[in-house]
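Peer 1: Would you be able to build a 3D model of this:
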Amino acid sequence: MSAEERLAASLRDVVGTSAPGVVVVGPDGVRASSAIGRADLVTRAPMTDGVVMPWFSMTKIATATTAIRLVEREILALDAPLSVPALELLRPGEWAERITLRHLLQHTAGLANPVPVRWIHPADRPGPAAEDFLARLLRKHPKLRFEPGSRSSYTNLGALVVGAVVAHASGTPFESVVQREVLGPVGMSSTGFAFGAGSAATGYHPRRGPMRRLLPRWVLGEPVDRWVGLRPFLLDGAPYGGLVGTAADAARFLQMHLADGQIDGTRVISVGSATEMRHVNTRGRRFDLGLGWFVPARDRSADPPYVEHLGAGAGFFNVMRMYPTEQVGAVVMGNATKYDVDAVARLALDSRG
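Peer 2: Numbering: from 1, shown residues only. Predicted coordinates for the structure are as follows:
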């Protein structure tokens, strides 16, 4: 039985009738890939690693990698107080003026974390302007929950501020900087901040799931058995979760990180930066954090150790995970709101030979 066949059999055992795809990656490239289920339950189009899906919060690793690229070129600094208009809205001001890029990437800046379930817009319409969207959120949630650097608490607002910092420092829209600094160099031609010409998966949410009542009515599509399909949407606020793309592209990104910042002879970030990003040195209640990468607090003593980033939301559930000591990782992307994503990611360990 080939590696691909073994992976497919294991995937069926783990998730049954759910519909994810999984790509097992090493620093040398893809070792195995498999997919089960359907990209669309009505057309019965099969799931593959070339189907486009939202990344959701997996985007934060690309956001962090972009910021680190700018740090290496001394356009940004990790540990200097930031000067960006958005931070002037935060209170108390004496705390806000001490926030650094490191605080934002490690979720130690003290920002609130409002529920983002309605931060979406139809895929065929423009979303809110980035500066206006962030300003509106910070005016609504201006109070810092703790002194920067004193503890850690996961927040989507922090990633949005990183995006504002990147755009302000480069004088270029955040999405363009990510394309130039990360997506292009890594060779992620089927990934961006909008749906391209490729085949896209339909997201499915349980018909009786409680989150359904929180979603905008326009996003709810055709019911199919125990699921309701979701109409195509994009996230407001690109830096925290706006990427859409294929698992194959995400595997290239993970391969670059597993190879300490290099892919196909192209150096994206330095070995030191790649190592520092995955060095988990900040403990939190839910996650222990590096510079973007994290490990769930429940698994801080996992053997072998791993770092990851989840990407979860209505209709889709993803994770990008790497086991640095084993030199292997997994990209898991699926078009159902919930399935055992952790068990699927652990299938990467079966490829160690």
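
Peer 1: What separation is there between Glu131 and Leu160?
Peer 2: Separation of Glu131 from Leu160 (CB to CB, to the nearest Å): 10 Å. Yep, even glycine has a C-beta here, placed from its N, CA and C like the rest.

Peer 1: which one of those two has more residues nearby?
Peer 2: A direct count of neighbours by other CB atoms under 10 Å for Glu131 and Leu160 places Leu160 higher, at 28 against 13.

Peer 1: Which secondary structure elements does the helix or strand that contains the more buried one sit against?
Peer 2: Assigned by DSSP states H and E, Leu160 belongs to helix 156-170. For helix 156-170, the packing partners by 3 or more CB pairs under 8 Å, 6 or more residues apart in numbering; DSSP states H and E come out as helix 59-72, helix 101-105, helix 130-140, helix 174-178, helix 238-241.

Peer 1: which helices and strands sit right next to the second one?
Peer 2: Using 3+ CB pairs under 8 Å, 6+ apart as the contact criterion, the secondary-structure elements in contact with helix 101-105 are helix 59-72, helix 156-170.

Peer 1: Next, the angle from the helix holding Leu160 to helix 59-72.
Peer 2: Using axes from the mean of the first three to the mean of the last three CA atoms, to 10 degrees, the inter-axis angle of helix 156-170 relative to helix 59-72 is 30 degrees.

Peer 1: how big is the angle separating helix 156-170 from helix 130-140?
Peer 2: Relative orientation of helix 156-170 versus helix 130-140 (the same axes, to 10 degrees): 140 degrees.

Peer 1: still on that earlier bit, which stretch among the helices and strands packed on helix 101-105 comes nearest Val268?
Peer 2: Closest approach to Val268 among the helices and strands packed on helix 101-105 (CB to CB): helix 59-72, 7.2 Å.

Peer 1: ok now that closest one, how far from the chain's centre?
Peer 2: 12 Å (CA atoms, centre = their mean, to the nearest Å).

Peer 1: okay, now Thr325: neighbour count?
Peer 2: Other residues close to Thr325 by other CB under 10 Å number 10.

Peer 1: Tell me the pLDDT of the residue nearest to Gly290 when sequence neighbours are not counted.
Peer 2: The shortest distance from Gly290 to any residue that is not its chain neighbour, by CB to CB, 6 or more residues apart in numbering, is 4.7 Å, and that residue is Val280. Note on Val280: pLDDT of 96.
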